[in-house]
Structures are given as C-alpha cells and as structure tokens.
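A.B. asks: Quick one, fold the following:
(one chain, ligands or ions: 1)
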Amino acid sequence: MNTPVRVGVVGCGYWGPNLIRNLRSLPDCEMRMMCDVQPGRLAHLKTVYPEVQDTVDFPAMLAEGGLDAVAIATPVGRHYEMAKASLLAGKHTFIEKPMARSSAECEELIELARSRGLVLMVGHTFLYSAPVRRIKEIIDAGDIGPVRYLNCRRLNLGLFQKDINVTWDLAPHDISIILHLMGEPPLAVNCQGIANVTPGVEDVTSLCLSFPRGRFAIVQSSWLDPRKVREITIVGARRMIVYDDLQTQEKLKIFDMRVECPPHYDTFAEFHYAYHYGDIYTPFIKQEEPLKVMCQHFLDCIRKGQAPLSDGRQGLQLVRILEAASQSLREQGAAVSLAPPA
Ligand SMILES: NC(=O)c1ccc[n+]([C@@H]2O[C@H](COP(=O)([O-])OP(=O)(O)OC[C@H]3O[C@@H](n4cnc5c(N)ncnc54)[C@H](O)[C@@H]3O)[C@@H](O)[C@H]2O)c1
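C.D. replies: Predicted coordinates for the structure are as follows:
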C-alpha cells in the first residue's frame, strides 16, 4: 500500500468542491486541507467533510499544512500567483483551466516546476472523459477517415463572469479536445464576438482554428442562449461522429455517411455527387466521472514522476490560443497567426 498523497484544495466556490469530493474518494489520496477566503464556504463544506482541515489563509496552508500537492480552483486571475507560491513551497501543483492569464505566466510556471522536479498539471478535464478517449481511438484507428473539420457548440444561459469573457471561460474545454483530436498545432485563429450584457466582456463568441492542409475547427461559445448545448461534430472523409455530452447513455453517435464525387464524367449532365447514407450506431461507453480519472492521473504522475497528459505545455498552448483569440476580437475577427516567432 502506497503512502497516500496529502493534498490541499484552494478555492471552494462552484468548482473546487468537485475536486475535493473526487480526491477524497481516491484510496491513495489524503484530502487533507481546504482553503477559501470566504469562511461561509468553509463552514458549509465542513458539514459535508468534517475530517478535512479548513483555513482562510493560503500561505499558512502551504507553510504548515504538511501537504505534498495543491489543487487550485480559484478564479483565473489568481492562478499564476497561487501556483507560483505552491511550486516555490515545493508542492506538486494542479491548476484549473485556463492555466493563467498570459503565456508569459504559463512559461514561468513551467520553468519553475521543471527546475524543482515537481508535477505541474492543468485541469483539461475532457481529455480524461471516456467519450473523448473513445473518439480519439476511433480517429486513430482510421475508422472515420481523415478528419476534415470539427464543429463545437457550448451554449447556455449564464453563468456570466465579470473577469473573463466566454471564450476564456467555456472554449478551453473545446480547444483542449480539438488539439487532442487533431494531433497537430493550429496555424491561426479568428474570433468574433459581442458583449451583450457586461460592457467589454464578450458573452457570445465564434472562434475558428485553422490547421494545416485546409482543416479547421469552429468553436461557438455562449452564455446567452435559451438552451444548454454541449455538442461536438467530427466530420471525417468516410464517417461522422456526433458527441452530445448532455445525453446520459448515448453520448456518441457514429454516422456512416459521406459524399463522394464521381471519379470521372464527360458532360455536366452526367455529374452527380454520390451521397452515402449508411447505419447510425452508438458505441458502448463505460460511465465514469472524468474528474475522478483526472484526479487519479494527478496522483499517479506524482508517484511515478511522470508528465501529465495535460501538463504545463498543454496549458501554455491553450493560453496562447486564447491570447490570439483576444487579439483577433480586438481586430474585428482578423486572423492571428499562431506560428512561433522566427
Ligand atoms: N474543469 C471544469 O470543468 C471547470 C468547471 C468550472 C470551473 N472551472 C475552473 O475552476 C476555477 C474556479 O471557478 P469557479 O466557477 O469555481 O469560481 P468561483 O468564483 O465559484 O470560486 C472561486 C473560489 O475561490 C475563492 N478564492 C478567491 N481568491 C482566493 C484566495 N486568495 N484564497 C482562497 N480562496 C480564494 C473564492 O472565495 C471562491 O470561493 C476557474 O479556473 C474555472 O475556470 C473548471
């Protein structure tokens, strides 16, 4: 039996309690401390997890908590300073998405973790979800043919944020999935959007990532939509997949559909596209909570000294795309190159 990894969670608002619940459920984890500046949040969580120590003082948690690792679930504006303090205190560090407010902050954290031999992981939760893992297997096996494009829609009414726009809030999920499935970095990003409710904070955005060989991915993000939608369509040359994350059972549907051009024809009248309509099938997917898989991966990486699937470099790549999207928004949707500087 391994000695449990002693973990503290900072930020016990909407999302942090999900990390606490999952970490606490893992046998090789001691969910030791929870920290929030709001005593009311801690008082509530103490009724649910009476054995977990609580504090309003993050520096004290780092200095005196006896922790091996820290998970940060505070608003993004605090990620950098807290992760830096955590790494400087010698703790393996998990940061919720997006990793930080700028690529410069991400680079500094990556170097700090590297120089101290600490695990740095970012909460790109969907990389640990069974449907996304299954889609990746299907694509890698060549079952749908080369991917032509992806279309992602993540829409609902609220939760309106004041410090970040909807791209920084919702699109990280889609972008992390796109990068995972495309398997190569995008060349450029365009983003357009509108701030309907809070001046200067876009609540509806449409982002397009361009990839080599004319491939692309569209990400539509909204806090101002009557329906909750969590849907990704992956169009391959031979088949297509629709991933609807709101379905409880049939999250993936594979459509054996495609369109083919005739190899040769002599007159325009002879020209017909061939539309292929085949079966639609639903692969079985084991139900497991992605957050639990992600938390276990964090512990495994600490124990084995391995880089996580969503490590600091993945976090940096995503933040670079978000930065470029913000620049594109300021430039009314102009394409912003993601090529590294010469
Ligand atoms: N992976 C996912 O699916 C997912 C989903 C939702 C949110 N998130 C991420 O989780 C993070 C938190 O989001 P949220 O919606 O829970 O925010 P939230 O505002 O509901 O909660 C943040 C908490 O941090 C606390 N806090 C702020 N500064 C602090 C400090 N200096 N010391 C201690 N506590 C402090 C606040 O009091 C608050 O309780 C964000 O990075 C967000 O992007 C991830």
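
A.B. asks: need the residues of the stretch 1-150 of the chain near the ligand, please.
C.D. replies: 10-16, 35-38, 41, 58, 73-76, 78, 96-97, 123, 125 (CB under 6 Å from any ligand atom). Where you see a C-beta, it was placed from the backbone N, CA and C, and this is true even at glycine.

A.B. asks: doesn't Val197 fall inside a strand?
C.D. replies: No - Val197 is assigned coil when assessed by DSSP: H, G, I helix; E, B strand; the rest coil, not a strand.

A.B. asks: Name the nearest residue to it, ignoring sequence neighbours.
C.D. replies: What sits nearest to Val197 in space, not counting adjacent residues and going by CB to CB, 6 or more residues apart in numbering, is Asp203, at 5.4 Å.

A.B. asks: that older thread, in helices, which of the residues of the stretch 1-150 of the chain next to the ligand fall?
C.D. replies: The helices, defined by DSSP state H, take in 16, 41, 58 from these.

A.B. asks: list the contacts for the residue nearest to Val197?
C.D. replies: Listed by CB atoms under 8 Å, 6 or more residues apart in numbering, the contact set of Asp203 reads 160, 165-166, 193-197, 222-224.

A.B. asks: Export those as JSON lines, with columns for pLDDT and distance to the ligand.
C.D. replies: Output for those, formatted as JSON lines (pLDDT from 0 to 100; distance: CB to the nearest ligand atom, whole Å):
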{"residue": "Phe160", "pLDDT": "94", "distance to the ligand": "12"}
{"residue": "Asn165", "pLDDT": "98", "distance to the ligand": "12"}
{"residue": "Val166", "pLDDT": "98", "distance to the ligand": "12"}
{"residue": "Gly193", "pLDDT": "98", "distance to the ligand": "18"}
{"residue": "Ile194", "pLDDT": "97", "distance to the ligand": "21"}
{"residue": "Ala195", "pLDDT": "97", "distance to the ligand": "19"}
{"residue": "Asn196", "pLDDT": "97", "distance to the ligand": "21"}
{"residue": "Val197", "pLDDT": "97", "distance to the ligand": "17"}
{"residue": "Ser222", "pLDDT": "98", "distance to the ligand": "16"}
{"residue": "Trp223", "pLDDT": "98", "distance to the ligand": "13"}
{"residue": "Leu224", "pLDDT": "98", "distance to the ligand": "18"}
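
A.B. asks: What's the PyMOL line that selects buried ones from those?
C.D. replies: Remark: buried members of those, expressed as a PyMOL selection using 16 or more other CB atoms under 10 Å:
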select buried, resi 165+166+193+222+223
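
A.B. asks: all strands of the stretch 1-150 of the chain, in order?
C.D. replies: Residue ranges of the strands in the stretch 1-150 of the chain, as given by DSSP state E, counting those that start in this stretch, are 5-10, 29-35, 53-55, 69-72, 92-96, 120-123, 147-157.

A.B. asks: which of the residues of the stretch 1-150 of the chain next to the ligand are buried?
C.D. replies: Buried, going by 16+ other CB under 10 Å: 10-12, 15-16, 35-36, 41, 58, 73-74, 76, 78, 96-97, 123, 125, out of those.

A.B. asks: How many residues are close by the residue nearest to Cys261 when sequence neighbours are not counted?
C.D. replies: Among residues not flanking Cys261 along the chain, Tyr273 sits closest, at 6.2 Å (CB to CB, 6+ apart). Tyr273 has 9 neighbours, counted by other CB atoms under 10 Å.

A.B. asks: now swap in Gly117 and tell me
C.D. replies: Residues near Gly117, counting by other CB under 10 Å: 9.

A.B. asks: Likewise for the one 4 residues further on?
C.D. replies: Residues contacting Met121 under the criterion other CB under 10 Å number 27.

A.B. asks: Number the residues from 8 up from this point.
C.D. replies: I'll keep to 8 as the first residue from here, and by that count the last item is Met128.

A.B. asks: Find the nearest non-adjacent residue to it, please.
C.D. replies: Pro315 is the one closest to Met128 (CB to CB, 6+ apart), at 4.1 Å.

A.B. asks: The residue nearest to Cys268 reaches Tyr272, doesn't it?
C.D. replies: No - using CB atoms under 8 Å, Tyr280 makes no contact with Tyr272, being 10.9 Å away.

A.B. asks: Show me the common contact partners of the two, please.
C.D. replies: Common neighbours of Tyr280 and Tyr272 (criterion: CB under 8 Å, 6+ apart): none identified.

A.B. asks: gap between the residue nearest to Met128 and Leu30?
C.D. replies: As judged by CB to CB, to the nearest Å, Pro315 and Leu30 stand 15 Å apart.

A.B. asks: Alpha carbons of whichever helix or strand Trp175 is part of, as CSV, please.
C.D. replies: Assigned by DSSP states H and E, Trp175 belongs to helix 173-189. C-alpha atoms of helix 173-189 as CSV (Å, rounded to 0.1, in the frame of the first residue of the first chain):
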residue,chain,number,x,y,z
VAL,A,173,-17.0,33.5,-22.6
THR,A,174,-14.1,32.3,-24.8
TRP,A,175,-11.7,32.1,-21.8
ASP,A,176,-14.5,30.5,-19.7
LEU,A,177,-16.1,27.9,-22.0
ALA,A,178,-13.9,27.5,-25.0
PRO,A,179,-10.9,25.9,-23.2
HIS,A,180,-12.9,22.7,-23.0
ASP,A,181,-13.5,22.6,-26.8
ILE,A,182,-10.0,23.8,-27.7
SER,A,183,-8.3,21.1,-25.5
ILE,A,184,-10.5,18.4,-27.2
ILE,A,185,-9.7,19.8,-30.7
LEU,A,186,-5.9,19.9,-30.0
HIS,A,187,-6.1,16.3,-28.7
LEU,A,188,-8.1,15.0,-31.7
MET,A,189,-6.4,17.0,-34.4
